[in-house]
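Student: Dropping a prediction and its sequence here:
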Amino acid sequence: MAPRKILIVGATSQQGQATIAALNQRSPTIEILGLTRSVSSPKGQALQKKFPNITLVEGDVRAPEPVFAARALLDPEEWHGKAVGLASCEMSFEEVRVAFREVVKKELPMTWAVVAKSVLWWVPDAKTSFEWFRESGYGADIEALRKMEPGMQDFRAWLRESSRWSVQ
């Protein structure tokens, strides 16, 4: 039987690389094709060096969610028709500000309040969306997600380990 081939869209992105790493770790026998905007770019070349067993393919589209995408690709029968709310932590805006300040040692960048308030006033769907986030949230079962994927990062870990913020 021919090896199973899986295409990772947006392979050089953080999510794409995380998906490739998860697939390599969970099923090293599959053939991974990595879609990137430019196979000759520094990011493309770095990806090829990091994962020499993948085949880079040139193209331009968005990347899937990494770990859960890998699980769904490796076990499609288990995940067929399922929807999973993805979240690694639930934080208030103030908690995000404090975490950002403590980890990055800078203030959390913010848009101008006048611009944000104008958008919320002019775009009813934006206002509804922000109200929904504030009052209801995602409703993801974070505890169950952590049992399923113990290495899942919370916001502080993401800032330190995966974000592009320079941690002081």
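Tutor: Done, it's in.

Student: any weak-confidence spans in this structure?
Tutor: Within the chain, the segments meeting pLDDT under 70 span 1-2, 59-67, 69-70, 73, 168.

Student: go with 50
Tutor: Residues of the chain meeting the criterion pLDDT under 50: 61-64.

Student: which residues of it fall in strands?
Tutor: Ranges of strands in the chain, per DSSP state E, are 5-8, 31-36, 55-58.

Student: What residue spans form the domains of the protein?
Tutor: Domain assignment of the chain by automatic domain parsing yields the ranges 5-79, 93-161.

Student: ranking those by burial, who's on top?
Tutor: Highest mean neighbour count among these (mean count of other C-beta atoms under 10 Å): domain 5-79, with a mean of 16. Placement of C-beta: from N, CA and C, glycine included.

Student: so how far is that one from its chain's centroid?
Tutor: Offset of domain 5-79 from its chain centre (C-alpha atoms, centre = their mean, to the nearest Å): 13 Å.

Student: Quick one: end-to-end length of that domain, please.
Tutor: The first residue of domain 5-79 is 18 Å away from its last residue (C-alpha to C-alpha, to the nearest Å).

Student: So for Gly85, which of the domains of the chain sits nearest?
Tutor: domain 93-161 (3.4 Å; C-beta to C-beta).

Student: related to what we said a few turns ago, go through the strands of the chain and name the closest to Trp158.
Tutor: The nearest among the strands of the chain, by C-beta to C-beta, is strand 5-8 at 20.1 Å.

Student: quick one, helices of the protein?
Tutor: Ranges of helices in the chain, per DSSP state H, are 14-26, 42-50, 66-74, 76-79, 93-104, 113-122, 124-135, 142-148, 155-161.

Student: Could you report the separation of Lys106 from Met152?
Tutor: To Met152, Lys106 is 25 Å away according to C-beta to C-beta, to the nearest Å.

Student: Also Ser41?
Tutor: Noted for Ser41: a distance of 29 Å to Met152, by C-beta to C-beta.
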